[in-house]
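Task: produce atomic coordinates for the following.
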Amino acid sequence: PPTPEESQLLHTAMLSGFGNEAVGLLSTKMEAVQLMQPQERNRAGKIFGGFLMHEAYELAYTTSAAYAASLGATGQIIGAP
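Here you go, the predicted model:
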């Protein structure tokens, strides 16, 4: 966790809008529409959760790449509560 000094620094930066490079979250909104095929269903006739997570991950990466100066790297947090 950040120290009290780091928290204050982050708070000040957020209030200032991070300079001219900041992009508001609402302006980064993207939407995607997918037609689901029968092979993406589970036994209950619902869309498989792993497929939905994959689609959400791809949309998040596309959104971040559209507003970043370069393509980023993705990671994983191991042992998070």
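
ok, which stretches of this protein are helices?
For the chain, the helices identified by DSSP state H occupy 4-16, 49-67, in order along the chain.

Centroid-nearest residue for this protein?
residue 60 (4.3 Å; Cα atoms, centre = their mean).

Got phi/psi on the spatially closest residue to residue 42 that is not a sequence neighbour?
With sequence-adjacent residues excluded and distances taken as Cβ to Cβ, 6 or more residues apart in numbering, residue 42 is closest to residue 48, at 5.1 Å. Just so you know, the C-beta spots here come from the backbone N, C-alpha and C atoms, and that holds for glycine as well. Here the main-chain torsion angles of residue 48 (degrees, to the nearest 10) amount to phi -60, psi 130.

Give me the distance between residue 48 and residue 39.
Remark: distance between residue 48 and residue 39 (Cβ to Cβ, to the nearest Å) = 9 Å.

more crowded one of the two?
Taking residue 48 and residue 39 together and counting by other Cβ atoms under 10 Å, residue 48 has the greater number of neighbours (15 against 7).

show me what contacts that one?
Taking Cβ atoms under 8 Å, 6 or more residues apart in numbering as the criterion, residue 48 is in contact with 40-42.

try 10 Å this time
With contact set as Cβ atoms under 10 Å, 6 or more residues apart in numbering, residue 48 has these partners: 36, 39-42, 54.

And residue 59, by the same measure?
Contacts for residue 59 were tallied using Cβ under 10 Å, 6+ apart; they are 30-32, 34.
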